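J.: sharing a model that was predicted from the sequence below.
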Amino acid sequence: MYKIAKHLAWLSLWRRKSRSIMVILMIALSLSGLLAIQGLYDGMITHMINTTIRSDSGEISLYTKEYRLHKSLAYKLSPVSKIEEKLSKIKEIISHSVRLQQEGLIATAHKSLGANIKGISLEKERDFGNFDTFITQGDYSFGKHKKEALIGATLAKKLHLDIGSRVVFTAQDADAEINAISFRISGIFKTGNPALDEYTVFVSMEKISTFLNLKESATQIALRIQNTEQIKQVQKKLQTMLPELEILRWDELYPLLIQMQEMMQIFNLASYMIVFIVAALGIFGVMLVSVLERLREFSIMLAIGTPYKMVRNQILLEATFLGLIGFMVGALLGWIILLYMSTWGVDLRSFEAGLETFGLNAILIADIQYYYFVQAFFAVFFATLLSVIWPLRILKKIKAIQVIQGKML
Amino acid sequence: MRFTLALKNILKSKGRSLTTLLLSLFTTTLFIVYVAFMDGSHHQIIKSSVEIYTGYAHVNLKGYRDESDYGNLIEDASSIDEILRNDTSIKTYAPRFETYALLSGDEKSVGSMIVGIIPSKEEKLSKLASSLSKGEYLNDNDTNAIYIGIKLAERLKITIGSQIAMVGSSIDYSIAADIFTVKGIFKTGLFDFDAQSAFVNKSYLDSVILSDNKATYFTVDFQNNDHINKVTSALQAKLPSQYEAVGWDSLLSSLVQAMLVDSIFGYISISIFFLVIFFVVMIFSYVNIYTRTREIGLLRALGLTSKDIFIILFIEILLLATVAVSIGAIIGGVIAHHYELQPIVIDGIAEMYKDYGLVSDEVPMHFDLFTITWNALTIFILNLLAIVYPALKINKLTATEAMRYV
């Protein structure tokens, strides 16, 4: 009986080809659009999170408890080797980066700007987050004698610096004395993290330690964790192991990113809801007419003993076929668009300056997640179900004989 | 007759007409409110940046925007001052001297922007004076008094009366150093600005960095800032050729572009909704027309041409769309106007988006008749387009085919 219902539903669907195609197109185009937008927006946020983790916070960062409030060298992590020794005992930590930072003034012969100087180890940063891939000009190197520096692209642009340009950085050392240090630029980097690109210059750990008159010290130790699921567990372990330190996850350090991600999820969900409630109205229009124009046909079926269940199934299957075909076409189209956008990206170089304000690259790379399609399937499924409630109610209420006699049409 | 027939058809299929009408009405309202909200937040961000400090236009030496260093200063500020004073289109103006120096408190040093201003003039040009949070604003007789951003004060761990040392560079590139006393602390809400800026009386700063009769630029407020390109072009004509007048849209080009990008994403998001609405209206029109196929066949048999049928169907959607879009535009306009005057307050949004220049939790909508008109017209045209396919399709049937249609 189910087979007959299925067969009848399929035939009915193609009896009115144009309107079935219209519904399928409506579902497919809106679905592919929604999938593309979801993937693009998710990709933007994921990119921001990834670059932030790779270039700065890691999954977890360690500071002294007062440092983030005062940003003063008085609140440094020291001795670093002892902390590193403790970190080596946690197997979930796959790499770490020790950084020493101070605020100050960077100056060329013609111009000065406020900036941060950060001491790092290039090898460690490479292991930590492939920092070398952020280099846009010059080399990923501090030179033969470790006397050169890497500078953020925006800061370099503001100061009109090129590879080989000389700059002077002035800052207070650990003894509160004003010191100046001079170096040449060996490389320019662009991470997409405005705090680094606009304000930071990287030098070797040895050089900054001498400049700031500090040994075995750091202001931040950032950690990379093997699996995302282990982050909270490692954080707890570290809190027990190093109770005197502040142990923060990336989402605690950059709450805006996680808030943006949550907002985007709400936005996507709301978009699906609004679009598919309206889409349900479209399917409803077609299903209602489809039922109304066949009332006589259904009445005859009911009058000769066809159970109501079978007629109901036929209507339900008709709507399901529409939804399913729409979903398949839309998912395929959406997947192709997402595949393109995740492979080649969306080139928005003409809006580069604007995108940089948001910490985004000029070429936006979309994300593709399995759950997008599951979410989309349920949205289409519910829209389809919603659309047949009213037509089925009408069908349930009809008096077959009267309809056949033409008294109830 | 065609109009009467169209009207009768609308009234006959009440359910479908009402659904189409409500859908279009809802879409128009939603579109207008959505755009008003988006534009409102963008306008607020840009307005804050313009009015708090940047100003509506700058006059500077050509090349200063690309290389804002001591090599591109206005060397004879008094001559520019005279030109601006004699320009009746200018309400008020003032010279500024922007430089960067290392400011040091007892414990900490921070590289900051130090700006020499004429306090009395600046009071009318920017929101520096009204953003006073602690202490006092500067006056024209102040010497080594400094007016500092609240976040910068926190970074330097200083308060009113504290002394801070400045080490910078004079315009002859010699070292310039002085001690300043904190006279006032301001809070504009612009996060970066509050964390990096300090102001001193220009006449005193001139003596420290040897910048007498020099300025990095003049900031200008016109009598009418609505058509900034027009007024800056007019001003440009009065300036010597080595100087340029630059409007706020060029001064804040990155921010303007960021808002444009945000708007583009906003329009892309809402376009999916339009797509569905378009299809729904088309489906309803299609269904509506096809349930009347026999009737249409009869009309054709009675002598009406396919053009007549098309016009009847077009009048139907025209009437429905006109009513729906007009009511939607009025409702949307009223909502936009109301929330422009009484902005929506989203607690914590300024803190959350401080890096993007949002200074207040109040997010006003932007009421603009032109925007509302094009928003409404978009929905109106979408409605009209939705009828084209069903109308063309039904007209393909001959009168006999239509009358036999089941």
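T.: Arrived safely.
J.: so what's A:Gly39 up against?
T.: Neighbouring residues of A:Gly39 by Cβ atoms under 8 Å, 6 or more residues apart in numbering or on different chains: A:334, A:337-338, A:341-342, A:366-369, A:372. Where C-beta positions appear, they are placed from N, C-alpha and C, glycine not excepted.
J.: mind doing that once more with 7 Å?
T.: Applying Cβ atoms under 7 Å, 6 or more residues apart in numbering or on different chains to A:Gly39 gives the contacts A:338, A:341-342, A:366-368, A:372.
J.: most neighbours, which of those residues?
T.: A:Ala366 (26 neighbours; other Cβ atoms under 10 Å in any protein chain shown).
J.: that one against A:Leu338, yeah?
T.: Yes: with contact defined as Cβ atoms under 7 Å, A:Ala366 and A:Leu338 form a contacting pair (5.4 Å).
J.: returning to what we had before: which two from the contacts of A:Gly39 end up farthest apart in space?
T.: Pairwise distances across those peak at 12.5 Å for A:Met341 and A:Tyr372 (criterion: Cβ to Cβ).
J.: residue numbers of the stretch 251-400 of chain B in contact with chain A?
T.: Residues of the stretch 251-400 of chain B that fall close to chain A, judged by Cβ under 7 Å from any Cβ of the partner chain: B:253-255, B:257-258, B:260-261, B:268-269, B:272-273, B:275-277, B:279-280, B:282-284, B:286-287, B:291, B:352, B:393.
J.: among those, which lie within helices?
T.: Among those, DSSP state H puts B:253-255, B:257-258, B:260-261, B:268-269, B:272-273, B:275-277, B:279-280, B:282-284, B:286-287, B:352, B:393 in helices.
J.: what's stretch B:23-31 in contact with?
T.: Outside stretch B:23-31, the residues that touch it by Cβ under 7 Å, 6+ apart are B:270, B:277, B:280-281, B:320-321, B:324-325, B:327-329, B:331-332, B:375-376, B:378-379, B:383.
J.: which residues in the stretch 1-150 of chain A form helices?
T.: Using DSSP state H, counting those that start in this stretch, the helices of the stretch 1-150 of chain A run over A:2-15, A:17-52, A:67-70, A:80-87, A:122-129.
J.: can you redo the ones you listed as a markdown table with distance to A:His145?
T.: What follows is the helices of the stretch 1-150 of chain A, written out as a markdown table (distance: least, Cβ to Cβ, whole Å):
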| stretch | distance to A:His145 |
| --- | --- |
| helix A:2-15 | 77 |
| helix A:17-52 | 30 |
| helix A:67-70 | 30 |
| helix A:80-87 | 23 |
| helix A:122-129 | 14 |
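J.: winner for burial among these?
T.: helix A:17-52 (a mean of 22; mean count of other Cβ atoms under 10 Å in any protein chain shown).
J.: show me what the nearest residue to A:Lys147 once chain neighbours are set aside is bridged to.
T.: Leaving aside its chain neighbours, A:Lys147 sits nearest to A:Phe183 (5.8 Å; criterion: Cβ to Cβ, 6 or more residues apart in numbering or on different chains). Per DSSP bridges, residues listed as beta-bridge partners of A:Phe183: A:Val167.
J.: surely A:Phe183 is in contact with A:Ala149?
T.: Yes: using Cβ under 7 Å, A:Phe183 is in contact with A:Ala149, at 4.5 Å.
J.: what is in contact with the two at once?
T.: Contacts common to A:Phe183 and A:Ala149, judged by Cβ under 7 Å, 6+ apart, are A:Val203.
J.: one step back: narrow the contacts of stretch B:23-31 to those in helices?
T.: Of the contacts of stretch B:23-31, the ones assigned to helices by DSSP H are B:270, B:277, B:280-281, B:320-321, B:324-325, B:327-329, B:331-332, B:375-376, B:378-379, B:383.
J.: where are the low-confidence patches of the chain?
T.: Using chain A here. For chain A, residues meeting the criterion pLDDT under 70 lie at A:1, A:406-409.
J.: my bad, the chain I had in mind was chain B
T.: Across chain B, the ranges flagged by pLDDT under 70 are B:350-359, B:402-406.
J.: show me how the record splits it into domains.
T.: Using automatic domain parsing, the domain parsing of chain B gives B:2-50+B:255-404, B:57-224.
J.: let me have the ones you listed in JSON lines, extended by mean neighbour count and distance to B:Ala234.
T.: Formatted as JSON lines, the domains of chain B follow (neighbours: other Cβ atoms under 10 Å in any protein chain shown; distance: least, Cβ to Cβ, whole Å):
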{"stretch": "domain B:2-50+B:255-404", "mean neighbour count": "18", "distance to B:Ala234": "19"}
{"stretch": "domain B:57-224", "mean neighbour count": "19", "distance to B:Ala234": "6"}
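J.: out of the ones you listed, which gets nearest to A:Arg312?
T.: Closest approach to A:Arg312 among these is made by domain B:2-50+B:255-404 (21.5 Å; Cβ to Cβ).
J.: any idea how far the longest helix anywhere in chain A is from the chain center?
T.: Secondary structure of chain A read by DSSP H shows that its longest helix is helix A:255-292. Chain-centre distance of helix A:255-292: 20 Å, with Cα atoms, centre = their mean, to the nearest Å.
J.: just after that helix, pick out the following helix or strand.
T.: The C-terminal neighbour of helix A:255-292 among helices and strands, as given by DSSP states H and E, is helix A:295-303.
J.: and that following helix with helix A:2-15, angle?
T.: Interaxial angle of helix A:295-303 relative to helix A:2-15 (axes from the mean of the first three to the mean of the last three Cα atoms, to 10 degrees): 170 degrees.
J.: quick check: buried residues in helix A:295-303?
T.: The neighbour-count criterion (16 or more other Cβ atoms under 10 Å in any protein chain shown) identifies A:295, A:298-299, A:301-302 as the buried residues of helix A:295-303.
J.: does B:Glu136 touch B:Lys183 like I think?
T.: Yes: using Cβ under 7 Å, B:Glu136 is in contact with B:Lys183, at 5.6 Å.
J.: now the domains of chain B in TSV, with distance to A:Ala153?
T.: Shown next, in TSV, are the domains of chain B (distance: least, Cβ to Cβ, whole Å):
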stretch	distance to A:Ala153
domain B:2-50+B:255-404	17
domain B:57-224	16
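J.: list the neighbouring strands of the longest strand along chain A plus their orientation.
T.: In chain A, assigned by DSSP state E, the strand with the most residues is strand A:93-107. Strand A:93-107 has the following sheet partners, assigned by DSSP bridges: strand A:112-120 (antiparallel), strand A:166-172 (antiparallel), strand A:220-225 (antiparallel).
J.: so which residues make contact with stretch A:73-82?
T.: Taking Cβ under 7 Å, 6+ apart as the rule, stretch A:73-82 contacts A:62, A:64, A:66-67, A:83, A:98, A:102, A:174, A:212, A:214, A:216-219, A:221.
J.: quick check on these: which are buried?
T.: Buried among the contacts of stretch A:73-82 (16+ other Cβ under 10 Å): A:62, A:64, A:67, A:83, A:98, A:102, A:174, A:212, A:214, A:217-219, A:221.
J.: wait, what's in contact with A:Phe381?
T.: A:Phe381 touches A:Gly323, counting by Cβ under 7 Å, 6+ apart.
J.: check which helix or strand covers it.
T.: helix A:370-397.
J.: please, where are all the strands along the stretch 101-250 of chain A?
T.: A:112-120, A:135-138, A:148-152, A:166-172, A:178-189, A:200-204, A:220-225, A:245-249 (DSSP state E, counting those that start in this stretch).
J.: in JSON lines: those strands, plus distance to A:Glu318.
T.: Shown next, in JSON lines, are the strands of the stretch 101-250 of chain A (distance: least, Cβ to Cβ, whole Å):
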{"stretch": "strand A:112-120", "distance to A:Glu318": "64"}
{"stretch": "strand A:135-138", "distance to A:Glu318": "57"}
{"stretch": "strand A:148-152", "distance to A:Glu318": "60"}
{"stretch": "strand A:166-172", "distance to A:Glu318": "72"}
{"stretch": "strand A:178-189", "distance to A:Glu318": "59"}
{"stretch": "strand A:200-204", "distance to A:Glu318": "62"}
{"stretch": "strand A:220-225", "distance to A:Glu318": "51"}
{"stretch": "strand A:245-249", "distance to A:Glu318": "51"}
